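S.K.: generate a structure from the sequence data that follows.
(2 chains)
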There are 2 protein chains.
Amino acid sequence: MKFQSPKGTRDFYPQDMAWRQFLTDAWRSVSVRHGFEQVDGPIYETLDLYKAKSGEGIVSELFHFEDRGGREMAIRAEFTPTLARMVAAKANTLSRPIKWFAIPNLVRAERPQRGRLREHWQWNVDLLGVDSPQADAEVIGVAVDFLRQVGLTPQQVHVKISHRRVVRAILAKLGVPDEKMTEAFELLDRRDKIPPEQFTQSAMSLGLDEPRVERFSQMCRRKYHTGDIDHLRRSIGLDDSFNDLGELDAQLSAFGLTDWCEYDLGIVRGLAYYTGTVFELHEVSGVERAIAGGGRYDQLIETFGGPAMSAVGFGMGDVVVTNVLRDKGLLPEDVAPAPDAFVIALTDAAQAQLPGVVAALRRAGRHARFSYKAGRNLGKLLKEASQCRARFAVILDDKAAEGVCELKNLASGEQNQVTIEGVGDRVGNSE
Amino acid sequence: MKFQSPKGTRDFYPQDMAWRQFLTDAWRSVSVRHGFEQVDGPIYETLDLYKAKSGEGIVSELFHFEDRGGREMAIRAEFTPTLARMVAAKANTLSRPIKWFAIPNLVRAERPQRGRLREHWQWNVDLLGVDSPQADAEVIGVAVDFLRQVGLTPQQVHVKISHRRVVRAILAKLGVPDEKMTEAFELLDRRDKIPPEQFTQSAMSLGLDEPRVERFSQMCRRKYHTGDIDHLRRSIGLDDSFNDLGELDAQLSAFGLTDWCEYDLGIVRGLAYYTGTVFELHEVSGVERAIAGGGRYDQLIETFGGPAMSAVGFGMGDVVVTNVLRDKGLLPEDVAPAPDAFVIALTDAAQAQLPGVVAALRRAGRHARFSYKAGRNLGKLLKEASQCRARFAVILDDKAAEGVCELKNLASGEQNQVTIEGVGDRVGNSE
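M.R.: Residues are numbered from 1 along each chain as shown, chains lettered A, B, ... in the order given. Model prediction:
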């Protein structure tokens, strides 16, 4: 009887896991050097928590179950509700700004497709308690610093930025009435998934005449460079509602992020809870889903019973970024740790000493291995040492009883007789 | 409306998470230096997978749900079924020995109690494809090396070892018939949880007369030192069935583990799938649950559709070991990473330069922070720098326009004027 892994989930064999560990280590180190602290929550939450953020519609997208007390629980499909709950619970004692990151595994009850699996790992970066667009820029800077660290360039990935209040002001100016605003945002969000004639028809049903539909359509498709904010302001004809985006532009420039960023007013990020800046990271060819997405959500903490607290953040899943790096030839090889030493015994007496030598190396912090095979053939044992990418072979023979061994550098072939006691220092990574 | 975390689960705020990260980093580094490779599987599996290992009885201990295709799934409560499924699926291509470790989060649908929560994190270490007790000793050595690394001693924690086949031989010798063997093991497992008279009564119902009940009881309670294997053999009066334990004893000695280990024939580890050596790590006072437990399970891979493959491993949860370390005063303080630099601007012009200085430090791999507060008061800003444990303050004033700043070592108070360009090197961790 053989068993399968559940549909849309992954088994991480050593090579897959080494990459996931490399990726999460990169996420962690980037977050830490930007001053973010790691947090985590439970793998499941009350179903009510998710309903509070997203309404009843969310239930069908979650795997849910009853706990022993008959309460409805759901496996987490996103981290933000947990974060909002945790912040709301300790809002009075947490010093601000709250700069948190998390790397949870998340589960979505939906049909798996390219770039979107049922279970994935997601990097979440959130900055709470700061109104200023400087926080938006810092958060975008975290995402960009990660892209840079894994070898991506501004020619390969763009940060596409929009602003919910600016878009709303533009739509109002075009003549979209307040009660049709949600519908207009939805249309903006679907613009690339529907035929042009359907777009036009839907836009006209929002109350726009033909020239305005054309302006709406142009607005969605045109990209503006950061730093070119005055041009954007003029072409759209806005003033006050633009101040926040203007200040963000200045901060993106101050943090040195301009090369990576552009304004794309077609970026909407769903409709749920964003209140200002929204952004997505896209591979420029557009064949992949967004690498990451986020924005400002200034009302969510209050929704979860906390005080009024502004917030900005993003999430990046492991699946799309891995696809992008693979496509670009940027997936590093051999990220699994290689042994410092492979210990070999050539005689029975030496074999009796081997576990002690191995154990001493490990106690000294060295990565040491040995063969479980019964043979004493040096060639075969050296081959096993090379296959596991060991840097040194420690060869024990009859001289081991006198406390000496042969130390062979498996890259250079150089071999020396050394004391067994001194082997730990000789095979240290500092060499 | 405030929300609670689900019963028996934990929120990991930054300090809690820093400890969990420290602990999992220790688990990982110990595993790696012993030559184990990390793996992982999905957070949920088919319910059938768990039934295959543990029978229908397991269902009430799991949180389970239907996926969209109506298949019954369960959140993982242990990692071994996933490991066995993964090994069975690729048994022909995996080179042996298979040395794997994993650090999954696990969920049990049971009443939370001290040392046992609904969700916990568990270190799993498994070595497959080696019959020899050398593998058992190496696996025990991994657990012991971790204890040593976090500061525990052989005076504080013991590895209690038993052997299922030896105990079975002893029980048979005492007169327990084959068909009562399971019952006898269960009694052994419960010996400390029931009153002595109930133990006696139950032992007699196994068919033992009073002197033999007494010998059975003594056998359960007496501890034998490792290295004292001949004494154990004589006192029990066994020969061949003892060979495996005798070889394990020799290997524990060869790996230098004798100080940490003792034989305790009362250790049973449930009844499910262990076939030879079983062991538990216990804090000596006995007030806590086992820190870790494991043993040899030579038939499980076959049960999961793989080839016959011997296996030995253990699991260690994060909850008990954290309790033990806290009780011993061994929980390290301030394991969260401290900033290299806190950047301060004393003028508006310097403030405009600050994001660029911060970003450059971060791009150079330094952990850099700054204040979101509007003030320019040096004293207050230095206080904020100290509160976040920054090692250096980088102070920008009017000279920043000329590319120089003040660098203050916050431990020593020493302050120097340096170039802004050179700050990254000056605050590097190598200093």
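
S.K.: what number of residues lie near A:G270?
M.R.: A:G270: 13 surrounding residues under other Cβ atoms under 10 Å in any protein chain shown. C-betas here are computed from N, CA, C, even on glycine.

S.K.: likewise A:Q218?
M.R.: Counted with other Cβ under 10 Å, residues neighbouring A:Q218 total 11.

S.K.: the longest helix along chain A - contacts with which helices or strands?
M.R.: Determined from DSSP state H, the single longest helix within chain A is helix A:14-33. Judged by 3 or more Cβ pairs under 8 Å, 6 or more residues apart in numbering or on different chains; DSSP states H and E, helix A:14-33 is in contact with strand A:37-38, strand A:98-102, strand A:119-128, helix A:133-149, helix A:318-327, strand B:37-38.

S.K.: A:G246 is nearest to which of those?
M.R.: For A:G246, the closest of the helices and strands packed on helix A:14-33 is helix A:133-149, at 8.6 Å, according to Cβ to Cβ.

S.K.: quick one: the closest one near chain B?
M.R.: Yes - residues of helix A:133-149 contacting chain B under Cβ under 8 Å from any Cβ of the partner chain: A:Q134, A:A135, A:A137, A:E138, A:G141, A:D145, A:R148.

S.K.: give me the buried positions along that helix.
M.R.: Buried residues in helix A:133-149, defined by neighbour count with 16 or more other Cβ atoms under 10 Å in any protein chain shown: A:133-147.

S.K.: quick one: the helix or strand following it near chain B?
M.R.: Sequence order places strand A:157-163 as the next helix or strand after helix A:133-149, per DSSP states H and E. No - Strand A:157-163 stays clear of chain B (Cβ under 8 Å from any Cβ), getting no nearer than 14.5 Å.

S.K.: pull up the pairing partners for strand A:157-163, direction included.
M.R.: Next to strand A:157-163 in the sheet, as set by DSSP bridges, lie strand A:261-264 (parallel), strand A:277-283 (antiparallel).

S.K.: least reliable of the ones you listed by average pLDDT, please.
M.R.: Of all the strands paired with strand A:157-163, strand A:261-264 carries the lowest average pLDDT, namely a mean of 94.

S.K.: hmm, who's touching that strand?
M.R.: A:140, A:158-162, A:223-226, A:232, A:245, A:252 (Cβ atoms under 8 Å, 6 or more residues apart in numbering or on different chains).

S.K.: pick out the lowest-pLDDT one from those.
M.R.: For the contacts of strand A:261-264, the pLDDT minimum is A:L232, 79.

S.K.: which SS class is the residue of the stretch 51-200 of chain A found nearest chain B?
M.R.: Distances between the stretch 51-200 of chain A and chain B by Cβ to the nearest Cβ are smallest at A:F65, namely 4.2 Å. Using DSSP: H, G, I helix; E, B strand; the rest coil, the structure places A:F65 in strand.

S.K.: which residue sits closest to it, ignoring its sequence neighbours?
M.R.: Nearest non-adjacent residue to A:F65, counting by Cβ to Cβ, 6 or more residues apart in numbering or on different chains: B:F65, 4.2 Å away.

S.K.: doesn't A:F63 make contact with that neighbour?
M.R.: Yes - assessed by Cβ atoms under 8 Å, B:F65 is found in contact with A:F63 at 5.1 Å.

S.K.: and the two? Which one has more around it.
M.R.: Per other Cβ under 10 Å, whichever of B:F65 and A:F63 has more neighbours is A:F63, with 24 against 21.

S.K.: could you pull up phi and psi at the more buried one?
M.R.: A:F63 adopts backbone torsions of phi -90, psi 120, taken as degrees, to the nearest 10.

S.K.: surely it touches A:M73?
M.R.: No - A:F63 lies out of contact with A:M73 (Cβ under 8 Å); the separation is 9.6 Å.

S.K.: any shared contact partners between these two?
M.R.: Among the neighbours of A:F63, none is also in contact with A:M73 (Cβ under 8 Å, 6+ apart).

S.K.: circling back: can I get the residues of helix A:133-149 next to chain B in JSON lines with pLDDT?
M.R.: JSON lines is the format used below for these (pLDDT from 0 to 100):
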{"residue": "A:Q134", "pLDDT": "97"}
{"residue": "A:A135", "pLDDT": "98"}
{"residue": "A:A137", "pLDDT": "98"}
{"residue": "A:E138", "pLDDT": "98"}
{"residue": "A:G141", "pLDDT": "98"}
{"residue": "A:D145", "pLDDT": "98"}
{"residue": "A:R148", "pLDDT": "97"}
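
S.K.: please identify the buried residues of the lowest-mean-pLDDT helix or strand in chain A?
M.R.: The weakest-scoring helix or strand in chain A, judged by mean pLDDT, DSSP states H and E, is helix A:229-236 (a mean of 80). Going by neighbour count (16+ other Cβ under 10 Å), the buried part of helix A:229-236 is A:I229, A:L232, A:R233, A:I236.

S.K.: then stretch A:414-425?
M.R.: Buried residues in stretch A:414-425, counted by 16+ other Cβ under 10 Å: A:V418, A:I420, A:V423, A:G424.

S.K.: just put the residues you listed in a markdown table and tack on pLDDT and distance to B:R190.
M.R.: Listed next are those as a markdown table, based on pLDDT from 0 to 100; distance: Cβ to Cβ, whole Å:
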| residue | pLDDT | distance to B:R190 |
| --- | --- | --- |
| A:V418 | 96 | 54 |
| A:I420 | 97 | 48 |
| A:V423 | 96 | 48 |
| A:G424 | 95 | 46 |
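
S.K.: now, which of the residues you listed sits nearest chain B?
M.R.: A:G424 (11.3 Å).

S.K.: touching, the closest one and A:H367? I think so.
M.R.: No - the pair A:G424 / A:H367 is not scored as a contact, 11.3 Å apart, by Cβ under 8 Å.

S.K.: picking up where we left off before, so what does the least confident helix or strand of chain A touch, helix or strand wise?
M.R.: For helix A:229-236, the packing partners by 3+ Cβ pairs under 8 Å, 6+ apart come out as helix A:164-174, helix A:243-254.

S.K.: export those as TSV, with columns for mean neighbour count and distance to chain B.
M.R.: Formatted as TSV, the helices and strands packed on helix A:229-236 follow (neighbours: other Cβ atoms under 10 Å in any protein chain shown; distance: least, Cβ to the nearest Cβ, whole Å):
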stretch	mean neighbour count	distance to chain B
helix A:164-174	19	21
helix A:243-254	20	4
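
S.K.: make JSON lines from these and add distance to B:A77 to it.
M.R.: Converted to JSON lines, the helices and strands packed on helix A:229-236 look like this (distance: least, Cβ to Cβ, whole Å):
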{"stretch": "helix A:164-174", "distance to B:A77": "43"}
{"stretch": "helix A:243-254", "distance to B:A77": "47"}
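
S.K.: pLDDT weak spots in the stretch 301-431 of chain A?
M.R.: For the stretch 301-431 of chain A, the stretches with pLDDT under 70 are A:429-431.

S.K.: which parts of the stretch 251-400 of chain A sit against chain B?
M.R.: Counting by Cβ under 8 Å from any Cβ, the stretch 251-400 of chain A comes close to chain B at A:251, A:254-257, A:304-305, A:336-337, A:339, A:352-356, A:358-360, A:362-363, A:365-369, A:372, A:388.
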